[in-house]
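Colleague: pasted the sequence and its predicted model underneath.
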Amino acid sequence: MSARSTEALAYLRERYPLSRFLPLAMFLATAGHAGSSTWEPPGLARSVLLALGLVLQFRLWDDLESLPEDRREHPDRVLCQARSRTPFLALLGITVAFNTALLLASIPALLGYAALCGAALCWYRWLAPRLPHGALTAHGVLLKYPALVAILHAASGEGTLPPLVPSLVYLCFCVHELLHDRRLLSSPGMPRLLRAEMLTLWAASVALCLSSPAPSVLWGAQLALSLGAPGLLMALYQRSLGREGVGPLADAVFALSFLQTLSFTLRSRP
């Protein structure tokens, strides 16, 4: 195996472990199937595979664009220690080709993907460098996730994507970002923003539950998750203010949102 391939694989092991990103891809794929007319195992597996490719592309792209800053703050990372960006640009190109191939069957999804890539290029090369690093840039780059949900939905088949679903996904990522980034959370006004986003996330989950109330086991499970969410979010907020922070427990926000989205998607099938 060549040195370049070794570097690319080392990057994947470090920055894209499947133990962490496969559940995330399942979350996004499930959200993308909300309101879809198709809910078959082959289609779901294809959506998860596409979500894995899309998330990898934009994670790698983000790492490449933030390389100068990461070399100062995370010099031990594989990408920061590499002498050349060529292996990682090749990996990015392979990922783009993989995603494009999976999207060829759906023109709307392919056009949405192209639009998102164009928007990301404008963000990294023009807009982000002109904005101060903080909540605006951190939350701006997270807009790609509801966009990915829309692309996955377009690729999954017919049906209408309920707007509350990508909204809940976005809020979930926003809350996780503040819980995960202690430096960002320590900035003035950020704890207040975190409380507001947690409240909005909870309101979105309740609204999603009540958007199509139909007494059933799945609806009861979603309602129970919505009613229990404030306790979990409050506990995470209090822990985030401590010296040790939240740490891996921040992923509980993803677990909660995933279960809520899964319950809604299963019970809202046409």
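Modeller: Ah, there it is. Numbers count the residues shown, from 1 in each chain.
Colleague: which SS class is residue 214?
Modeller: Assigned by DSSP: H, G, I helix; E, B strand; the rest coil, the conformation of residue 214 is coil.
Colleague: mind listing what it touches?
Modeller: Applying C-beta atoms under 8 Å, 6 or more residues apart in numbering to residue 214 gives the contacts residue 267. Using the backbone N, CA and C atoms, a C-beta is placed for each residue, glycine as well.
Colleague: distance of it relative to residue 205?
Modeller: 17 Å (C-beta to C-beta, to the nearest Å).
Colleague: one more: residue 230?
Modeller: 10 Å.
Colleague: tell me which of the two has more neighbours.
Modeller: Per other C-beta atoms under 10 Å, whichever of residue 230 and residue 205 has more neighbours is residue 205, with 26 against 14.
Colleague: isn't the more buried one up against residue 167?
Modeller: No. Taking contacts as C-beta atoms under 8 Å, residue 205 lies outside contact range of residue 167: 10.2 Å.
Colleague: for the residue lying closest to residue 124 once chain neighbours are set aside, grab the count of nearby residues.
Modeller: In this structure, residue 124 finds its nearest non-sequential neighbour in residue 65, 4.4 Å apart by C-beta to C-beta, 6 or more residues apart in numbering. Residues near residue 65, counting by other C-beta under 10 Å, number 18.
Colleague: from residue 141, how far out is residue 65?
Modeller: For residue 65 relative to residue 141 (C-beta to C-beta), the value is 10 Å.
Colleague: for those two, list the residues in contact with both.
Modeller: Going by C-beta under 8 Å, 6+ apart, residues that sit against residue 65 and also against residue 141 are residue 128.
Colleague: what separation do you get for residue 171 and residue 146?
Modeller: 9 Å.
Colleague: flag the shaky bits of this protein, pLDDT-wise.
Modeller: 1-4, 37-38, 213, 215, 269-270 (pLDDT under 70).
Colleague: would you map out the domains in it?
Modeller: 1-131+144-158, 162-270 (automatic domain parsing).
Colleague: apart from its neighbours in sequence, what residue is nearest residue 54?
Modeller: residue 148 (5.3 Å).
Colleague: list of residues touching the helix or strand harbouring the one you found?
Modeller: Remark: residue 148 resides in helix 144-156, with elements defined by DSSP states H and E. Applying C-beta under 8 Å, 6+ apart, the contact partners of helix 144-156 are 28-29, 31-36, 38, 43, 47, 50-51, 54-55, 58, 102-103, 105-106, 108-109, 112-113, 116, 119-120, 159, 161, 165-167, 169-170, 173.
Colleague: any of those residues buried? List them.
Modeller: Applying 16 or more other C-beta atoms under 10 Å to the contacts of helix 144-156, the neighbour count classes 28-29, 31-36, 43, 47, 50-51, 54-55, 58, 102-103, 106, 109, 112-113, 116, 120, 159, 161, 165-167, 169-170, 173 as buried.
Colleague: identify those among these that sit within helices.
Modeller: Mapping the buried ones among the contacts of helix 144-156 onto helices (DSSP state H) picks out 28-29, 31-32, 43, 47, 50-51, 54-55, 58, 102-103, 109, 112-113, 116, 120, 165-167, 169-170, 173.
Colleague: my read is that residue 175 contacts residue 252, right?
Modeller: No. Using C-beta under 8 Å, residue 175 is not in contact with residue 252; the gap is 10.3 Å.
Colleague: these two: which is more packed in?
Modeller: residue 175 (25 against 16).
Colleague: residues of the strand or helix carrying residue 195 that come out buried?
Modeller: When elements are defined using DSSP H and E, residue 195 is found to belong to helix 190-210. Buried residues in helix 190-210, counted by 16+ other C-beta under 10 Å: 190, 193-194, 197-198, 200-202, 204-206, 208-209.
Colleague: could you dump these into JSON lines and include distance to residue 218?
Modeller: Output for the buried residues of helix 190-210, formatted as JSON lines (distance: C-beta to C-beta, whole Å):
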{"residue": "190", "distance to residue 218": "36"}
{"residue": "193", "distance to residue 218": "33"}
{"residue": "194", "distance to residue 218": "30"}
{"residue": "197", "distance to residue 218": "26"}
{"residue": "198", "distance to residue 218": "25"}
{"residue": "200", "distance to residue 218": "24"}
{"residue": "201", "distance to residue 218": "20"}
{"residue": "202", "distance to residue 218": "19"}
{"residue": "204", "distance to residue 218": "18"}
{"residue": "205", "distance to residue 218": "14"}
{"residue": "206", "distance to residue 218": "16"}
{"residue": "208", "distance to residue 218": "12"}
{"residue": "209", "distance to residue 218": "10"}
